[in-house]
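Trainee: have a look; sequence and predicted model below, questions after that.
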Amino acid sequence: MIFIIVAVLVTLLAYLSILRSRFLGHQRRKRLDYLLPKIDNLIIDEIMANPEVAAGTPASQIQLNLDGFQELPLHKKWARQATTDRIIHFRRNVRGNAGHLLRNLYIQLELSKDTMRQMKSPKWARKVRALTEFIDMDIPVEDVTILPLTNSRNRELRAAARHAYIKLSKNEPFKFFDVVTDPLLMWDQVELFRIITTTEDISIPNFARWVTYSSNKSVVSFCLKLIVHYNQLPAVPAVTQLLDTKDHYLRADAINCLGKLKVPDVEDRLVSMYSSQPLQCQLEILKAIGRISSGRQIDFLKQEFLHSTNFDLRKAAAKSLVRNNQLAGNVIQELLETANRENLLILKHCMNPLIKY
Amino acid sequence: MSKILLVEDDEIMPKIVARILPSAEYELDHVSNGKEAFEKLEATNYGYDLIITDIMMPYANGFEILSRVKSQPRPIPVIIVSNAGNEDMIMEGFKLGADDFLKKPIIPAELLIRVKRLLMKNK
């Protein structure tokens, strides 16, 4: 009997809580349906239709008339949040003078104070939201506030903080590379790469700095990718020094970087170290020689293609020979005529322009 | 008065465009997805002077609108306004015959100038 009563009570409570949340949602929607058109009209009248914006007056010299906004129930938290969201939505659609004016409006309505309060919340989701708002509104935040979050254990918060740091730090947007203690996971690297390469107006440093001094191997590896992306040739000496590192994964990354930067000066060094390297580095060396395509190592590539016992090495050597096609045309022809069945298959595979790998 | 069709699923963008393009000079119709755009175009027998469209929308995207419009005997000029920064997407748009591309967030004055220029060119 007692179980039946408990079950009925729990079911009732569940229904009541569903009803309550639906009612609150309905109320929220009703309030927003009433308020949002008002906010939109005010923003359009004050910002979009502002004659001074059309006249090209700098946003810093335009005095905003906030009287209309004072009539909104901005003493209520939900109304302030709705206004913030709306301003951000507008800013995602317009930039230039109107965008700057939207930012001024956000500041003058003191909405940034709410965002700053959210930053101090113990809940990570609120912090992420606050960071996103700061990025959207381009509000600078002190390094001491964001930097500790770039090492947060929470993945979402860590990514948002790094994103915010790169976007908002005007002086040293990459300073957090100095303080990263945990390895940058592959997904973190993909996200960071996207953020760095798509953010406008950030000064790109010489990433050789971290290649030389960082003790975090994942940071070094990531910086090698950035060096390639930004074609930072002044970083070549630092990357070349990495060929002496004991970590063969890092060494392979360095070889990969040098190959992609097409540095012909390192070819001899790569060939001389080839025989003492693990498979991963040997593969990278063969690929690098193909990318550099100086034509000076064709004999070496031919030797590897003919005599290596490892399939992947033979394939990499063949690919690099094909990349050296202009200078290795005769060698490739000779190999096509004399190679055994498997090597011929590898060579034809590598010569097919439709096959990338 | 020039007739412009705005195809945009964002809630705020139509309000902004309506304010940028003065109603005394431009008659602006707004639809919020590709399917509605096709219905509108069929209903008016493609009677628009210009189409401003987003790329990523429900039912039919901007590219589908673009290819349909450009296959008509009297192709209507199309401006793509999108936050897609992907180079391939932009190139795809131009390959399909887009007359102009504006990346979101837009500069209001820039949109107005580009609309005016395209309308002048096609008069």
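Mentor: Everything's here; your move.
Trainee: not counting its neighbours along the chain, what's nearest B:T53?
Mentor: Spatial nearest neighbour of B:T53, excluding adjacent residues (CB to CB, 6 or more residues apart in numbering or on different chains): B:V7 at 4.0 Å. In short, each C-beta sits where N, CA and C put it, glycine included.
Trainee: quick one: the one you found and B:I55 touch, right?
Mentor: No - between B:V7 and B:I55 there is no contact under CB atoms under 8 Å: 9.9 Å.
Trainee: now the helices for the stretch 101-250 of chain A?
Mentor: Assigned by DSSP state H, counting those that start in this stretch, the helices in the stretch 101-250 of chain A fall at A:111-119, A:124-137, A:143-146, A:155-168, A:176-179, A:186-198, A:208-213, A:217-229, A:236-241, A:248-260.
Trainee: so which of those gets nearest chain B?
Mentor: Smallest distance to chain B across the helices of the stretch 101-250 of chain A (CB to the nearest CB): 7.0 Å, for helix A:186-198.
Trainee: other residues contacting the helix-or-strand element of chain B with minimal mean pLDDT?
Mentor: Sorting the helices and strands of chain B by mean pLDDT, DSSP states H and E puts helix B:87-95 at the bottom, at a mean of 86. With contacts defined as CB atoms under 8 Å, 6 or more residues apart in numbering or on different chains, helix B:87-95 is touched by B:I55, B:G62, B:F63, B:L66, B:I80, B:S82, B:A84, B:F101.
Trainee: of those residues, closest to A:R269?
Mentor: Of all those, A:R269 sits closest to B:A84, with 43.7 Å by CB to CB.
Trainee: about what we covered before: neighbour count winner among B:V7 and B:I55?
Mentor: B:V7 (29 against 22; other CB atoms under 10 Å in any protein chain shown).
Trainee: so which bits of the least confident helix or strand of chain B are buried?
Mentor: B:M89, B:I90, B:E92, B:G93 (16 or more other CB atoms under 10 Å in any protein chain shown).
Trainee: and if you look at stretch A:313-331?
Mentor: Applying 16+ other CB under 10 Å to stretch A:313-331 flags A:313-324, A:328, A:331 as buried.
Trainee: name the residues that touch it?
Mentor: Stretch A:313-331 is contacted by residues A:279, A:282-283, A:286-287, A:289-291, A:293, A:295, A:298, A:301-302, A:304-305, A:308, A:332, A:335, A:343, A:346-347, A:349-351 when judged by CB under 8 Å, 6+ apart.
Trainee: could I get that stretch in CSV with only the CA atoms?
Mentor: What follows is stretch A:313-331, C-alpha atoms only, in CSV (Å, rounded to 0.1, in the frame of the first residue of the first chain):
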residue,chain,number,x,y,z
LEU,A,313,58.7,3.7,-47.2
ARG,A,314,58.6,2.4,-50.8
LYS,A,315,55.3,4.2,-51.3
ALA,A,316,56.6,7.5,-49.8
ALA,A,317,59.8,7.3,-51.9
ALA,A,318,57.7,6.7,-55.1
LYS,A,319,55.4,9.6,-54.3
SER,A,320,58.5,11.9,-53.8
LEU,A,321,60.0,10.7,-57.0
VAL,A,322,56.8,11.6,-58.8
ARG,A,323,56.8,15.0,-57.1
ASN,A,324,60.3,15.5,-58.5
ASN,A,325,58.9,14.5,-61.9
GLN,A,326,60.5,17.4,-63.8
LEU,A,327,64.0,16.3,-62.9
ALA,A,328,63.3,12.6,-62.3
GLY,A,329,61.4,11.9,-65.5
ASN,A,330,64.1,9.5,-66.9
VAL,A,331,64.4,7.7,-63.6
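Trainee: distance between it and the chain's centre?
Mentor: With CA atoms, centre = their mean, to the nearest Å as the basis, stretch A:313-331 stands 35 Å off its chain's centre.
Trainee: now swap in stretch B:88-107 and tell me
Mentor: How far stretch B:88-107 lies from its chain's middle: 10 Å, per CA atoms, centre = their mean.
Trainee: so what's residue 105 up against?
Mentor: Unless you meant another one, I'm taking chain A. Counted by CB under 8 Å, 6+ apart, A:L105 has contacts A:I43, A:E46, A:I47, A:L64, A:L66, A:F69, A:I87.
Trainee: if you could check chain B rather than the one you did, that'd help
Mentor: Here B:P105 is in contact with A:R91, A:R92, A:N93, A:V94, A:R95, A:G99, B:N83 (criterion: CB under 8 Å, 6+ apart).
Trainee: burial count for the second one?
Mentor: In terms of burial, A:R92 registers 17 neighbours under the definition other CB under 10 Å.
Trainee: for chain B, give the helix that spans the most residues.
Mentor: helix B:108-121 (DSSP state H).
Trainee: which residues are contacting that helix?
Mentor: A:48, A:53-54, A:94, A:96, A:98, B:2, B:4, B:16-17, B:19-21, B:26, B:49-50, B:52, B:77, B:79, B:81, B:99-100, B:102.
Trainee: ok, the closest residue to A:N216 other than its chain neighbours - contacts?
Mentor: Spatially, and ignoring its direct neighbours in sequence, A:N216 is nearest to A:V180 (5.5 Å; CB to CB, 6+ apart). By CB under 8 Å, 6+ apart, the residues touching A:V180 are A:T150, A:N151, A:N216, A:S218, A:V219.
Trainee: for residue 104, what are its contacts?
Mentor: Chain wasn't specified; assuming chain A. A:A59, A:S60, A:I62, A:L64.
Trainee: the chain in question should be chain B.
Mentor: Residues in contact with B:K104, defined by CB under 8 Å, 6+ apart, are A:R92, A:N93, B:M13, B:V81, B:S82, B:N83.
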